[in-house]
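# sequence isn't available, so here's the structure alone:
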């Protein structure tokens, strides 16, 4: 830093006087501890090399000795400084105030300036002071005011009163102040004079613009310029004459705008005034000024605010549209105004760093003819968002070079030496622009503020990068210094920049080997002079101090290995390259290791050295073959072993070392063994890729080959024999007889006769193939048995009729394995005298194959069914007999009870209703034959109580034949047997009529005429008996051999006669009735019991399967 006490006394007095006289805008010098600010003024658009000021003079620094120099640290785009004199001037780059980014949005008297920084450097950069300066850019009149369009259209309704005012579009001028817009002029329509506001109107009348004098004025319109509250000039068109749209509906005028520059600039536009119908109400905004905040970077389409205006008119004159009024090009580019609704929205994203406020006017215009409008001012403040990352700029400071991001610093610099200037800035404002800067990582550098002034902006700061620790070239030759800047926004944004600091070297390090003990391997049987290895050391120094010379030295006695012989003269080393060579042939079998010391000396002064111990191990060459422990390996494995299972292990060794002893095992074989077996190289375990089946192959033989990894490789071979042990994995197979065959066995076969032999085989061996036979089903009568060892089936029981038919025997064959396996077969035996119907037997055998084994098939199935049928038949017959006896008992009881009170039998002389004959007593009575009962019974015509019975008598010839007709005569001497039956269902023991009546006619007992109603049928004899007549006794043969006939019978030969047999006897006595009744009761009870028993027996037989 410069000091006033270093200047001569006269110069110091003059400097103090100059500081008192100079105003603050020209220059400012404060004590060294305060912030120094330089301020100058410069007009824009100037040529190059324009002198701005002298920094040395303004700071009171005496130049010329060369001890104090100046350096421009920033602002070099437009400014430059003389390093020796401190003269500040412009560069060749033209300064345009309107194009400077920081001056884009300045439309008022605010200053537009360029900031710069200048550093004052003491002798040998022993001290550095940094000063800030500002060059105010003065505006010149270099921009012409322009209208939004070359043609301006204004609609004016007719019958507007004089003095009606219309707002005209305003012009824009990029200059400001007196160079900005000064006045508007209204020229006469083409061919006429012009009318202008040539004098400034008072404020009460809305004036504010100025105009020049005019010799001719418009008779209809007049221009008036008003000053708006925001400082703008608003041109207004005033109607000063009558308007009649029917006479003239349009006026074309010229509107000129002029600025206040010297010389002045101006432009004009065609003002077309259209006369429309009357529209007497103008729109009115709700408020004259709309103000809103908008976040920057808002997406397009984001609504901002809605401008509302009202118009008292109706219809078209009341329909409003909203358009931009006095608005810059940036407003129209960034914002969108909906003409119908008045909504103001974002058209393109707005960056606050480019535009921080938008101020414009909006017009509400109705659709009347002419339209009326109102204007409102919109102030849109762009709210800052944290959308800019901090910017880090690293520049040189003083005499330390910095180029392409690399700064070179000597390792002998002092601590706290500045090596670079770091400037951090953030385009955001407020908290979003407050930046914190730091150095990250473990590096010997830190940041310190370049100045401590309170007026420094928060979003733009400068730091010196200082060394914070001594630099050591040997420890680190360069440092990557990463500087991170973080702003205070939410969320915060950060950025980083890096500076590569390279440290210059100094000679202070001896040569160093990478290892204190270096182990090497060298193969035996080498050639003399062959290179062993190259041993190098490193030196952190550079240049001559890093050049190294190598030498071999014996080991000190204390560190030498007592077990290793001396290697003197055996090895040499090249002093420059460090290449070690062996001078003799090494033999690992004689000595397998050597040890010596290598020393490295640098060429510095004084020379520094380092050493390392070298242990050289002699590597083996492949001079030994692999050797198996056995020439033949024998293994036993069980069949059905899972695939990829171990089946054996071989052992092989190699006397070599290293790669020469690394063996590779493989299966050798020309057959399928090579694909079946595999061997694990590390353990020698042999694996099988398949599951063994002893029944397919019982043994395997193959070779195992061992090859070492030497060059050339050596190998050995061993034989492996593998025997497969049997397992019970096969079930017995029955070979005979087939399940569908059968054997015929005569019923006369005696026990112990061999019926058939079951033959079976088993593919296994040993106990697994020993078979046993047994019957497990189909032998319910225990007729057969099977020999467990031979499989011979024998008859052991006596055959009976119920055993006739097909027998199905279920035979099971088991082996003796563990666990055992079994097979079931069927043996069919057909018991019969002969094979008369083979098809029937074969069908039974076929059905047997589909019958479950749990169901027995043995003998004749119809035998038991016949017994059941016989039982049912016996039951049915017993039932019928029981019912018959029951009916007999009841009838007998009723009959005895009815005859108990009758007196006698037949009364002689009683006239019968019909003719009958009374046969005489029989002379020849044949008792040898009994009359045969008739199969049918018929009821006699007439009343039932008059007759005790109706008897049918059939005459037969002596030879047993029946007579064919009534004209066939019977031999008188041939006794004929007559059969009778009870027609009305009477008991079988009805009275024999022939005992009481004897025929005297030589003809047969009964002779019927052909005209008889019963011709061709059995002859019937009917007799009317008294009701009290009773016949007792059994029926005998009817005698028909009488040689005479009664008078009636002889006389009535033309009629059919009925023979009635009646024998009058007395009725049943009371004791007999009692006996009969009790007997009938007992009989009834016995019959009921018998009926129930028979019924139960029938039900049991029917329901029993």
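Sure, I can see it. All values reported here derive from a predicted model rather than from experimental measurement. Numbering: from 1, shown residues only.
# does residue 634 touch residue 718 like I think?
No. Using Cβ atoms under 8 Å, residue 634 is not in contact with residue 718; the gap is 11.2 Å. C-beta: built from backbone N, CA, C; applies to glycine.
# pLDDT below threshold where in the stretch 51-200 of the chain?
Filtered on pLDDT under 70, the stretch 51-200 of the chain yields the residue ranges 105-110, 188-200.
# follow-up on the earlier one: and residue 634 and residue 718? which has more neighbours close in?
residue 718 (21 against 13; other Cβ atoms under 10 Å).
# so what's residue 171 up against?
145-148, 181, 184, 257, 267 (Cβ atoms under 8 Å, 6 or more residues apart in numbering).
# who does residue 134 bridge with?
residue 39, residue 115 (DSSP bridges).
# so what's it up against?
Going by Cβ under 8 Å, 6+ apart, residue 134 touches 37-40, 113-116.
# recalculate using a threshold of 10 Å.
Going by Cβ atoms under 10 Å, 6 or more residues apart in numbering, residue 134 touches 25, 37-41, 75, 111, 113-116.
# neighbour-wise, which one of those residues leads?
Using other Cβ under 10 Å as the neighbour criterion, residue 116 leads those with 25 neighbours.
# grab the nearest non-local neighbour of it.
Nearest non-adjacent residue to residue 116, counting by Cβ to Cβ, 6 or more residues apart in numbering: residue 75, 2.9 Å away.
# and what of residue 388?
Spatial nearest neighbour of residue 388, excluding adjacent residues (Cβ to Cβ, 6+ apart): residue 427 at 4.2 Å.
# just the element for the one you found, please.
Under DSSP states H and E, no helix or strand contains residue 427.
# and for residue 57?
With DSSP H and E as the test, residue 57 turns up in helix 55-59.
# now do the helices in the chain.
For the chain, applying DSSP state H gives helices covering 9-21, 55-59, 329-334, 673-676, 838-849, 861-899, 1047-1051, 1070-1103.
# distance to residue 893 added to the contacts of residue 134, as JSON lines?
Converted to JSON lines, the contacts of residue 134 look like this (distance: Cβ to Cβ, whole Å):
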{"residue": "25", "distance to residue 893": "170"}
{"residue": "37", "distance to residue 893": "165"}
{"residue": "38", "distance to residue 893": "169"}
{"residue": "39", "distance to residue 893": "168"}
{"residue": "40", "distance to residue 893": "170"}
{"residue": "41", "distance to residue 893": "170"}
{"residue": "75", "distance to residue 893": "162"}
{"residue": "111", "distance to residue 893": "162"}
{"residue": "113", "distance to residue 893": "161"}
{"residue": "114", "distance to residue 893": "162"}
{"residue": "115", "distance to residue 893": "159"}
{"residue": "116", "distance to residue 893": "164"}
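# farthest-separated two in these?
For those, with distances taken as Cβ to Cβ, the pair at the greatest spread is 25 and 75 (18.0 Å).
# on that earlier part again, out of the contacts of residue 134, which is nearest to residue 458?
Nearest to residue 458, judged by Cβ to Cβ, of the contacts of residue 134 is residue 115 at 15.5 Å.
# next up, the contacts around that closest one.
Neighbour list for residue 115: 74-75, 79, 102, 132-135, 460 [criterion: Cβ under 10 Å, 6+ apart].
# can you put those residues in a markdown table and add distance to residue 743?
Formatted as a markdown table, these follow (distance: Cβ to Cβ, whole Å):
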| residue | distance to residue 743 |
| --- | --- |
| 74 | 126 |
| 75 | 130 |
| 79 | 133 |
| 102 | 126 |
| 132 | 132 |
| 133 | 135 |
| 134 | 134 |
| 135 | 136 |
| 460 | 122 |
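# by neighbour count, which of these wins?
Neighbour counts for these, by other Cβ under 10 Å, peak at residue 133, which reaches 27 neighbours.
# give me the spatial nearest neighbour of that one, chain neighbours excluded.
Nearest to residue 133 is residue 38, by Cβ to Cβ, 6+ apart, at 3.5 Å.
# I'd assumed residue 88 was in contact with that neighbour.
Yes. Assessed by Cβ atoms under 10 Å, residue 38 is found in contact with residue 88 at 8.2 Å.
# overlap of the contact sets of these two?
Shared contacts of residue 38 and residue 88, defined by Cβ under 10 Å, 6+ apart, comprise 52-53, 55, 58, 116, 118, 133, 135.
# distance check, the residue nearest to residue 504 when sequence neighbours are not counted against residue 1092.
Spatial nearest neighbour of residue 504, chain neighbours left out: residue 410 (4.3 Å); criterion: Cβ to Cβ, 6+ apart. In this view, residue 410 and residue 1092 are 141 Å apart by Cβ to Cβ, to the nearest Å.
# between these two, which one's more packed in?
Neighbour totals were compared for residue 410 and residue 1092, and residue 410 leads with 14 against 10 (other Cβ under 10 Å).
# got any ranges where the stretch 551-700 of the chain has weak pLDDT?
Those would be 558-568, 671-672, if you go by pLDDT under 70 across the stretch 551-700 of the chain.
# picking that back up, now find how far off-centre the helix holding residue 57 is within its chain.
79 Å (Cα atoms, centre = their mean, to the nearest Å).
# before we move on, what about stretch 775-792?
Going by Cα atoms, centre = their mean, where stretch 775-792 is centred and where its chain is centred differ by 64 Å.
# for stretch 45-59, same thing?
Taking Cα atoms, centre = their mean, one finds stretch 45-59 lying 76 Å from the centre of the chain it belongs to.
# what of stretch 816-825?
From the chain centre to the centre of stretch 816-825 is a distance of 50 Å (Cα atoms, centre = their mean).
# re the thing from before, out of the contacts of residue 134, the closest to residue 795 would be?
residue 115 (134.1 Å).
# quick one: the closest one from residue 43, how far?
18 Å.
# and if you look at residue 226?
Residue 226 is 32 Å from residue 43, by Cβ to Cβ.
# these two: which has the busier surroundings?
residue 226 (18 against 13).
# the more buried one contacts residue 237, correct?
No. Assessed by Cβ under 10 Å, residue 226 is found out of contact with residue 237, at 11.7 Å.
# which neighbours do those two have in common?
Shared contacts of residue 226 and residue 237, counting by Cβ under 10 Å, 6+ apart, come down to 165, 167.
# which among the contacts of residue 171 gets closest to residue 830?
The closest of the contacts of residue 171, once distances to residue 830 are taken by Cβ to Cβ, is residue 148, at 127.8 Å.
# contacts only, for that closest one.
Neighbours of residue 148 in contact, by Cβ under 10 Å, 6+ apart: 169-172, 269, 324-329, 332.
# again, only this time at 8 Å
169, 171-172.
# now those residues as JSON lines including distance to residue 380?
Shown next, in JSON lines, are the contacts of residue 148 (distance: Cβ to Cβ, whole Å):
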{"residue": "169", "distance to residue 380": "21"}
{"residue": "171", "distance to residue 380": "22"}
{"residue": "172", "distance to residue 380": "18"}
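# keep only those of those that are in strands.
Using DSSP state E, no member of the contacts of residue 148 falls within strands.
# residue 320: which of these is nearest?
residue 169 (18.5 Å).
# what about the strands in the stretch 251-400 of the chain?
266-276, 284-285, 289-295, 303-306, 309-310, 320-324, 335-337, 343-346, 357-366, 373-383, 391-395 (DSSP state E, counting those that start in this stretch).
# show me the one of those that comes nearest residue 852.
Nearest to residue 852, of those and by Cβ to Cβ, is strand 303-306 at 90.5 Å.
# just how off-centre is that closest one within its chain?
Computed by Cα atoms, centre = their mean, the chain-centroid distance of strand 303-306 equals 48 Å.
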